[in-house]
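[1] need a structure here:
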Amino acid sequence: MTDYEKLADLLFPQIDKDGTYYENKYPARNLKEGAKVTRFAPSPTGFLHFGNLYTMLVAYRTAKNSDGIFYVRVEDTDQKRKVEGAVEVMLKSLAAYGIEPDEGVIGENQEKGEYGPYRQSERKDIYQAFAKDLVKQGLAYPCFCTADELDEMRSRQENEPQKGYWGKWAKCRNLSLDEIQKKINDGAEWTLRLKSPGTPEGKCRFDDAIKGKIEMPENIQDVVLLKSDGIPTYHFAHAIDDHLMRTTHVIRGDEWISSTPIHLQLFRVLGFKPPKYVHVATIMKEENGGKRKLSKRKDPEAAVTYYSQQGYPKDSVNEYILTLANSNFEDWRRANQTAPLEEFPLNFKKMSVSGALFDIVKLTDVSKNVISKMNAQKVFDLSYQWAKEYNTDLAALYEHNKDRAKAILNIDRENKKPRKDIAKWSDIPDYISYMYDETFTPCYDLTGNATPSLAVKVLEKYIDTVNLNDSKDEWFGRIKDMCEAVGCTPNVKEYKANPENYDGHVGDVSTIIRVALTGRTNTPDLYAITELLGENTVKQRLEAALNHYKEEM
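    Residues are numbered from 1 along each chain as shown. Have a look, this model is predicted:
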């Protein structure tokens, strides 16, 4: 038995399985050629950033578009940062946007799949088995340096071009077996370090699926693999987990690029084929003429929960994310207006290298367009579901008469040019407020040629003329017929040709009626509104408006 083998048994006497055992336990997946395996690997902190959702939608669609697998692995080795219930919150947030894992962690205490356990805290023996293999090969060693000794090393390296625990600074790298045995017998704590094969002149080269060919200095640090409690560092766990779970594409934020030389070196020393790296650019936001990262502290829209609270439909958010993800998405959407998002051929090469720019105005525009294409039943169902959680007053209005609520939401909907007034469900209470006596707030401000004196003449005539049994053509015919009696013309072109001959035109007459009934100058179809308000409400509002304008005169 070699000294390395003796050292491995000394450090890991309880480990009786090796890497080969786990290679056989977790064989290559039986998937079709070209199928991609991607993952979401969160720490259980409870906060899901918009950037996480963006990256995970890319990972999810990558797997789904190739008939592959998307799984969730929880990286909970740092128990100090763990928040109870956080995993469930994050899974719920992903599910709200249609991201459902095929395997892995699917609930707080639930897993499915053959490649688990999917929580790193439950995989300690697996990591230590591979660590033991590395020690046997002379590729890893115990380090007994204390925090004070490491601080002293860093201070002595202040003027060194290469810093860190490597080469001559790696004081535990060449300890003999007897020296190690004595330290362990004396109760000294140790971490396990990689004996890095890197050199200061060496280069790490890899082909990133988004950023292309990248060349960086290779890793020379004897990085820690296992902490003193036997728990792995992120780097070591990443290499083992992504290999054994047969991840083909590691899709992650580009802040991890600097760690990639370490990861590729670990894959190499462990004898694993590395996955393809896909480093997604950070989501940026404009500020004071410059750009900065979308911030958890500064921007409420950084939290994925913001979109649920505001009532943006998942289809709107996903559609917007794809406008950020691929530069050709909007052209595809114009050519495929009714196609489901799942049919869009996501392409890494068309993703931003430098950082997509978040724009709430663009999200709003996208969402208005998405909602405008929904039928009234879907708008009702989704907004009702949202209201029950976030706006119980709106839910109560719906519940009073659901059929009427659907009819209100259907005004100017389901036609060739539907209105685009609603961007999110939280817009609805204000949007429909004038349709309910409980929420109607009169406002008698007029625009155009409409004046209080003209309003008095119009309303006095209209109160006697309005008939809710009229068809739409009959209703509008009555409005046109009363124009002459109030000094207006039913012909807008005629008014423009000779404005001095009239007090206004049919549009001004309609505006006066619209303001009296809704308190607004811009609404959906006035005929449909009048019909749904009902005769009593129409008469009451017309009388109230008439009295108001009389007082103004």
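
[2] When you work out contacts or count neighbours from here on, use the C-alpha atoms and nothing else.
    Noted.

[3] can you give me the helices in the stretch 151-300 of the chain?
    For the stretch 151-300 of the chain, the helices identified by DSSP state H, counting those that start in this stretch occupy 177-185, 234-244, 260-270, in order along the chain.

[4] What average pLDDT does the first one get?
    Spelled out, it's helix 177-185. Per-region confidence: helix 177-185 scores 96 on mean pLDDT.

[5] circling back: of the helices of the stretch 151-300 of the chain, which approaches residue 429 most closely?
    The stretch from these with the least distance to residue 429 (C-alpha to C-alpha) is helix 234-244; that distance is 47.1 Å.

[6] can you pull the alpha-carbon coordinates of the closest one into PDB?
    Output in PDB follows, covering the C-alpha atoms of helix 234-244 (Å, rounded to 0.1, in the frame of the first residue of the first chain):
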ATOM      1  CA  TYR A 234     -19.300  24.900  -4.100                       C
ATOM      2  CA  HIS A 235     -16.500  24.200  -6.700                       C
ATOM      3  CA  PHE A 236     -16.000  20.500  -5.700                       C
ATOM      4  CA  ALA A 237     -19.700  19.700  -5.300                       C
ATOM      5  CA  HIS A 238     -20.500  21.400  -8.700                       C
ATOM      6  CA  ALA A 239     -18.000  19.200 -10.500                       C
ATOM      7  CA  ILE A 240     -19.200  15.900  -8.900                       C
ATOM      8  CA  ASP A 241     -23.000  16.700  -9.000                       C
ATOM      9  CA  ASP A 242     -23.100  17.900 -12.600                       C
ATOM     10  CA  HIS A 243     -21.100  14.900 -13.700                       C
ATOM     11  CA  LEU A 244     -23.100  12.300 -11.800                       C
END
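
[7] So what's the gap between it and the chain middle?
    Relative to the centre of its chain, helix 234-244 is centred 25 Å away, using C-alpha atoms, centre = their mean, to the nearest Å.

[8] Report the angle between that helix and helix 260-270.
    Between helix 234-244 and helix 260-270, the angle comes out at 60 degrees (axes from the mean of the first three to the mean of the last three C-alpha atoms, to 10 degrees).

[9] Run through who's touching helix 234-244.
    Under the criterion C-alpha atoms under 8 Å, 6 or more residues apart in numbering, residues 22-23, 26-27, 115, 120, 127, 225-226, 262-263, 266-267, 272-275 lie in contact with helix 234-244.

[10] mind running it again at 7 Å?
    23, 26, 127, 225, 263, 266-267, 272 (C-alpha atoms under 7 Å, 6 or more residues apart in numbering).

[11] Would you mind checking the average pLDDT for it?
    Averaging pLDDT along helix 234-244 yields 97.

[12] For residue 304, give me its contacts.
    For residue 304, the contacting residues are 48-50, taking C-alpha under 7 Å, 6+ apart as the criterion.

[13] about what we covered before: in a markdown table, list the helices of the stretch 151-300 of the chain along with distance to residue 33 and mean neighbour count.
    Putting these into a markdown table (distance: least, C-alpha to C-alpha, whole Å; neighbours: other C-alpha atoms under 10 Å) gives the following:
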| stretch | distance to residue 33 | mean neighbour count |
| --- | --- | --- |
| helix 177-185 | 48 | 14 |
| helix 234-244 | 18 | 20 |
| helix 260-270 | 23 | 20 |
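
[14] Same list (those) but as CSV, adding distance to residue 531.
    Formatted as CSV, the entries for the helices of the stretch 151-300 of the chain read as follows, by distance: least, C-alpha to C-alpha, whole Å:
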stretch, distance to residue 531
helix 177-185, 87
helix 234-244, 62
helix 260-270, 65
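
[15] for those, which one sits closest to residue 88?
    In this view, the helices of the stretch 151-300 of the chain are compared for proximity to residue 88 by C-alpha to C-alpha, and helix 234-244 is the closest at 21.4 Å.

[16] Provide the secondary structure category for the nearest residue to residue 105 once chain neighbours are set aside.
    Spatial nearest neighbour of residue 105, excluding adjacent residues (C-alpha to C-alpha, 6 or more residues apart in numbering): residue 111 at 4.4 Å. Here residue 111 is strand, with the state taken from DSSP: H, G, I helix; E, B strand; the rest coil.
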